[in-house]
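Asks: here's my sequence, what's the structure:
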Amino acid sequence: MNLVLANAAFGDDPRRWPLPPATTPHELWLRAVAAGGQGRYGSAMADLAGMCRLQPGRPLVSLAHSTRASFLRQLGWHDRARRWDGRAMALAGSDPEAGADALIGLAADALGVARFAASAAALRRAGELLTRSVPPRLPVRLAWVSAELAMARGDGATAVGHAERAVELAGAFGSARHAVKSDVILAAALCSAGEIDRSRMVADAALDAASDLGIIPLRWALACLLADIGSARHPAAQVHRIRNESAATVRHRGGDLAER
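Replies: The predicted structure is shown next:
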């Protein structure tokens with residue numbers, strides 16, 4: 001495995017660009033994950049397509065489809081994402097990583113269209129797969145979507161609990177991108193629980209981290225949140241500028257960002 005690609009995708013170097021070439025389907029997946037984290041969706045989608053053309057086996061193709069779906073959700077297209085997560089689930093077979101990835105994605109898709117019972121059912125099934133040997137990124141993802149479901153149901157306290165669990169798991173995992181995303185979820189959960197001052201503090205720190213790390217989609221999401229609740233570090237005009245610049249960068253890099 002290419003350690004540079006692995007570190008860019010799931011380690012402490014998420015802003016690396018250009019990325020080194022990939023020589024295997026798994027390395028193409030790592031390249032896609034790393035590029036997508038930077039908002040380079042055109043490059044990421046091309047690598048996923050190239051990976052699938054190599055026909056590496058059903059579980060890896062399943063992971064590619066789940067990753068494509070996650071990019072679509074990041075851009076605001078939950079309805080489009082569901083088709084890819086469904087394909088991922090069909091190809092996952094008995095592979096616990098692919099199966100859990102697809103189920104967590106399906107839970108997030110259902111949540112995005114207010115199908116809360118379906119989202120909860122998919123999360124339960126994913127949780128059952130996490131009792132087996134899976135990469136540490138998956139419990140973090142499960143905690144994210146669990147927090148988002150609780151927020152959607154109006155249960156801020158439960159959302160904060162899941163989000164704090166995600167922060168803890170991401171810290172143990174060692175992925176800078178997962179740590180920042182967990183802080184995004186925590187800030188939103190705190191806001192839903194009425195803890196606005198703490199939400200603002202978490203979001204401000206995460207915005208600085210996302211900017212330093214070049215994680216443009218998360219920078220955009222944090223600026224959107226801070227535009228709503230106000231920042232303690234940045235004037236409103238600067239927050240709006242960061243939000244608009246980040247959205248423009250995502251679009252320039254091939255992301256079809258849905259209107260918010």
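Asks: where do the helices sit along this protein?
Replies: Ranges of helices within the chain are 3-10, 25-37, 41-53, 58-74, 78-92, 96-112, 116-129, 137-152, 156-173, 176-192, 196-213, 216-229, 236-252, based on DSSP state H.
Asks: make CSV out of the ones you listed and add distance to Glu259 and mean pLDDT.
Replies: The way it works is simple: take the backbone N, C-alpha and C, and place the C-beta from them, glycine included. Shown next, in CSV, are the helices of the chain (distance: least, CB to CB, whole Å; pLDDT from 0 to 100):
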stretch, distance to Glu259, mean pLDDT
helix 3-10, 29, 97
helix 25-37, 20, 97
helix 41-53, 17, 96
helix 58-74, 15, 97
helix 78-92, 14, 97
helix 96-112, 15, 97
helix 116-129, 23, 97
helix 137-152, 20, 98
helix 156-173, 25, 98
helix 176-192, 20, 98
helix 196-213, 22, 98
helix 216-229, 12, 98
helix 236-252, 10, 98
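Asks: save those helices as JSON lines, and put in distance to Arg16 and mean neighbour count too.
Replies: Compiled in JSON lines, the helices of the chain are given as follows (distance: least, CB to CB, whole Å; neighbours: other CB atoms under 10 Å):
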{"stretch": "helix 3-10", "distance to Arg16": "4", "mean neighbour count": "20"}
{"stretch": "helix 25-37", "distance to Arg16": "7", "mean neighbour count": "25"}
{"stretch": "helix 41-53", "distance to Arg16": "13", "mean neighbour count": "19"}
{"stretch": "helix 58-74", "distance to Arg16": "18", "mean neighbour count": "23"}
{"stretch": "helix 78-92", "distance to Arg16": "26", "mean neighbour count": "20"}
{"stretch": "helix 96-112", "distance to Arg16": "23", "mean neighbour count": "26"}
{"stretch": "helix 116-129", "distance to Arg16": "30", "mean neighbour count": "18"}
{"stretch": "helix 137-152", "distance to Arg16": "18", "mean neighbour count": "23"}
{"stretch": "helix 156-173", "distance to Arg16": "18", "mean neighbour count": "20"}
{"stretch": "helix 176-192", "distance to Arg16": "11", "mean neighbour count": "25"}
{"stretch": "helix 196-213", "distance to Arg16": "10", "mean neighbour count": "19"}
{"stretch": "helix 216-229", "distance to Arg16": "14", "mean neighbour count": "23"}
{"stretch": "helix 236-252", "distance to Arg16": "17", "mean neighbour count": "16"}
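Asks: I'd like those as JSON lines, with distance to Trp17 appended.
Replies: Converted to JSON lines, the helices of the chain look like this (distance: least, CB to CB, whole Å):
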{"stretch": "helix 3-10", "distance to Trp17": "8"}
{"stretch": "helix 25-37", "distance to Trp17": "8"}
{"stretch": "helix 41-53", "distance to Trp17": "9"}
{"stretch": "helix 58-74", "distance to Trp17": "17"}
{"stretch": "helix 78-92", "distance to Trp17": "25"}
{"stretch": "helix 96-112", "distance to Trp17": "25"}
{"stretch": "helix 116-129", "distance to Trp17": "32"}
{"stretch": "helix 137-152", "distance to Trp17": "21"}
{"stretch": "helix 156-173", "distance to Trp17": "22"}
{"stretch": "helix 176-192", "distance to Trp17": "14"}
{"stretch": "helix 196-213", "distance to Trp17": "12"}
{"stretch": "helix 216-229", "distance to Trp17": "11"}
{"stretch": "helix 236-252", "distance to Trp17": "12"}
